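**Q** Only the shape, not the letters, is given here:
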C-alpha cells in the first residue's frame, strides 16, 4: 500500500506517551492527553497529529510508539495504522528509548531512512508553515545534521523551554537553518521577556528530524548501553524472537529525555541545526493553555469544552470542561478553571494551572489511583 | 399524649415552606432548605427547629404547615408529629395564609391559645437565650400584644430586614419588651452600619407570638377577605367538609407576607412589641451565610459540608458542599462556593452568593425544571 507523500525517504514517528498530569482530571492514565479533543477540532490531538504528518511521509510511513494499555484506543483513532508501524512499550522509558527504538527498527528495515519525531499531543494549525519547516528539516537531515524545529515566540512564555540560536548555515534546501548554541529550561518571566526581545531564542517544540543512523550514532555517544539495548531490540523486532528480547531488554533501558541524550550533546558538537518555525504551536501543557487556545488570546472569554456541555455562566471567564453531562452554573468567577468529570471535579484558576500536577502527585502518594 | 412543656397556653407553629432559591442547587423543589443539615449538627434545620420548640410548647403542641409534596419528608424528620398537627397546603400562599390558617384552626380547637410562629429553616444555637425571649413574647401575648423577637445585630448585615425599636414598655413577665416604631427592608451597607452604631435597630427574625384571636383580628383589618377565607377553612378543618372547602377556598387566598398584613400595621397602631433576642441567629439565606456559620467568622477557612465529602484543597477558602461523592479538588481559589450535586454544579464566590437566585429565575424562565 502506498499513499501520496511529499518526501520519499522520510518516516514520521509519533511518540504517544505522556499522560498530561497538569490536565487532570481530564487526562488520566486510561485517557491520556493525546486521546482528547482539546482544540474543538472535533477529533483527538493524536488524530490531528496524524493528519498533519500523513501528507508529508505518507500514511503508510507513520510509526506510533505507545503504551500497551493504549493500543486499542490508538488503533481506533488511526484505522489506517498498519501493524508493523505500531511499537508497544511494556512500560514507559522516556523519549530517548521511544524515539531511539523507532529509529533503530526503521533503520533495520530501510537503510538511509530519515525519521522525524513529533509529539502526539501538541497543537499546530498552520499545516503549510509546518510542512515548510519539516521540509527544511529533512533537507538538513539529508546533509547529515540533526534538525529541530524552533518556534518563533509570540509572548514571553515561562512554560516552554527555549533554544538559543546561532549563525545561519548554508544548507541546500534549508535556507532558514541556523546553528543551535544551547538549550535552556523554562525561564523566569524576566528572562523570557529578554529572550523575546533578543530574537535569537526560539521555543523548543520537541520536534527532531535526522537520518536514523545519525540519530542513533549521536545517542550512542552519550548512552552506549541504551543504544546497545535498542539495537538488540531492533534486530529482533521483525523476528519471532521479539517477545523474548523485549521481556529481557526493555526493563533495563535507561530512562532519559532525548533533549539530554541527543539534542544538547549534538548542539555542543555543532551537529544540531534549528529550523525556525513561524507557524502557531502549543504543547497544551495546562488548562491556562487550553483557555488561551479557545479564547484567541482574549481574557474576557469563557471557553467551554465537552460534548453536550450544559453551562450557564454569568460574568465569568476562563475555561469549563464538561464530561459529566451535568448542568454547570458559574456566577462571577474570573479566570476560573472548572473540569467536571464523572468521578472527579477540579476548580482552580488559570494562574494556578501549573499547580495541578502537585495535586496529582499528592493523589499518587496517597494511593488514590482510582481517580488517576 | 402530653409531654413536658414550659408554657401551658402556648402552641408552636412551624411554617415549612420556602425552597431557598439562593441555595440552589442544594435546595430544590423536592429538597427545600429546611430538609438539609446546613450547620453540621447531623440533623436537618427542620428537626433542629422542632428540638428547639418541643421543650417550650410540648412536642404534642407543634403544628407544621407545609406543602403536600413535602409531607412524607416532614413526617420522616418528625416522627412525633401527630396528624392533627399537620397542615398541608395545596399550593403556596405565602406566610399570612400559612400562619393565619394555623392560628384559625388552633383557635377553633382552643380558645385563648397563644401561637408562636418560627421558620423551619433558621439557625439558633443558644437554646437558653431563645427560650428566655420566647417566654417574654408569651407574656406580652398574654397582655394582648403581638410580639416579635428582634435579634441584636453583631455586624452591619445587608441581607436582613431590621426593626426600628422604640421606648421600653412595662409588661409583666416581659422586662425587656420595647415598642416597635417601624419595619425596614434590607438596607445598604452604609445604612446598616448606621443601624449597628445606633443600637435601636434589631434584625427582623420573622418570629411572631400572639394570642390567636389577636393575630387574626389584626389580619382581618388589612386583609378581611383573606381572614374570611381562613375562618371558613378553619371551621371546616376538623370536619368531613375539609377537602371540599380547601378545594374551593384555597386557590383564592391572597398571597401576602405576614410582615405586611400584620406586623407593620400592628406596629403603626402601637400593638406590636419587640423582645430583644441576644442569642445567635441566622436565616442561612445564601452560601456566604453557610460559609460564615462554619468558619466561625474566620475568612481563612474552607467549610466542607456533605456526607462522605472527598475534598482535596490547596490554598483555598470558602465553602464546598458535596452531594455527589466525587473527589473535589480546589487549588488557589479564595472565598469560593462549590456546590456539587448529582445533576448540577454551581461555582461562584461568597461575594456573589445573593446572585444565585437570578440563575434559578433564569432556569425557571427557560423551562429547566428538571434541575430546580
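**A** Great, that's in hand. Nothing here was measured: the structure is a model prediction, and the numbers come from that model.

**Q** Tell me the gap between stretch A:60-72 and the middle of its chain.
**A** Stretch A:60-72 sits 14 Å away from the centroid of its parent chain (C-alpha atoms, centre = their mean, to the nearest Å).

**Q** Over to stretch A:196-211?
**A** Computed by C-alpha atoms, centre = their mean, the chain-centroid distance of stretch A:196-211 equals 14 Å.

**Q** Now that stretch: buried residues?
**A** By neighbour count with 16 or more other C-beta atoms under 10 Å in any protein chain shown, stretch A:196-211 contains the buried residues A:196, A:201, A:202, A:203, A:204, A:205, A:206, A:207, A:208, A:209, A:210, A:211. Where C-beta positions appear, they are placed from N, C-alpha and C, glycine not excepted.

**Q** Kindly reformat those as JSON lines containing distance to residue B:279 and pLDDT.
**A** Shown next, in JSON lines, are the buried residues of stretch A:196-211 (distance: C-beta to C-beta, whole Å; pLDDT from 0 to 100):
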{"residue": "A:196", "distance to residue B:279": "62", "pLDDT": "95"}
{"residue": "A:201", "distance to residue B:279": "66", "pLDDT": "97"}
{"residue": "A:202", "distance to residue B:279": "68", "pLDDT": "97"}
{"residue": "A:203", "distance to residue B:279": "63", "pLDDT": "97"}
{"residue": "A:204", "distance to residue B:279": "65", "pLDDT": "96"}
{"residue": "A:205", "distance to residue B:279": "66", "pLDDT": "94"}
{"residue": "A:206", "distance to residue B:279": "65", "pLDDT": "94"}
{"residue": "A:207", "distance to residue B:279": "69", "pLDDT": "97"}
{"residue": "A:208", "distance to residue B:279": "72", "pLDDT": "98"}
{"residue": "A:209", "distance to residue B:279": "76", "pLDDT": "98"}
{"residue": "A:210", "distance to residue B:279": "79", "pLDDT": "98"}
{"residue": "A:211", "distance to residue B:279": "84", "pLDDT": "98"}
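
**Q** Show me those residues that map onto strands.
**A** Among the buried residues of stretch A:196-211, the members falling in strands (DSSP state E) are A:201, A:202, A:203, A:204, A:205, A:206, A:207, A:208, A:209, A:210, A:211.

**Q** wait, the last one sits on residue A:140?
**A** What it means is residue A:211. No: applying C-beta atoms under 8 Å, one finds residue A:211 not in contact with residue A:140, separated by 10.2 Å.

**Q** From one end of stretch A:53-61 to the other, what's the distance?
**A** Stretch A:53-61 stretches 9 Å from its first residue to its last (C-alpha to C-alpha, to the nearest Å).

**Q** How far does it sit from its chain's centre?
**A** The answer for stretch A:53-61 is 17 Å, by C-alpha atoms, centre = their mean.

**Q** quick one: buried residues of that stretch?
**A** The neighbour-count check on stretch A:53-61 (16+ other C-beta under 10 Å) flags A:53, A:54, A:56, A:57, A:58, A:59, A:60, A:61 as buried.

**Q** can you put those in JSON lines and add secondary structure?
**A** JSON lines is the format used below for those (DSSP: H, G, I helix; E, B strand; the rest coil):
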{"residue": "A:53", "secondary structure": "helix"}
{"residue": "A:54", "secondary structure": "helix"}
{"residue": "A:56", "secondary structure": "helix"}
{"residue": "A:57", "secondary structure": "helix"}
{"residue": "A:58", "secondary structure": "coil"}
{"residue": "A:59", "secondary structure": "helix"}
{"residue": "A:60", "secondary structure": "helix"}
{"residue": "A:61", "secondary structure": "helix"}
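
**Q** If we check chain B, which of the residues you listed are in contact?
**A** With C-beta under 8 Å from any C-beta of the partner chain as the criterion, these include none near chain B.

**Q** Going along the chain, name the strands of the stretch 51-200 of chain A.
**A** A:62-67, A:86-89, A:114-117, A:146-151, A:162-168, A:178-184 (DSSP state E, counting those that start in this stretch).

**Q** Name the residues that touch the fourth one?
**A** Strand A:146-151 is contacted from outside by A:133-134, A:136-138, A:140-141, A:163, A:165, A:174, A:177, A:180, A:202-205, A:207-210, A:214-215, A:218, A:262-263, A:266, A:271-277, A:279, A:281, using C-beta atoms under 8 Å, 6 or more residues apart in numbering or on different chains.

**Q** for the last one, same thing?
**A** With contact meaning C-beta under 8 Å, 6+ apart, strand A:178-184 is reached by A:148, A:161-169, A:201, A:204, A:259, A:263-264, A:266-268, A:270, A:272-274, A:276.
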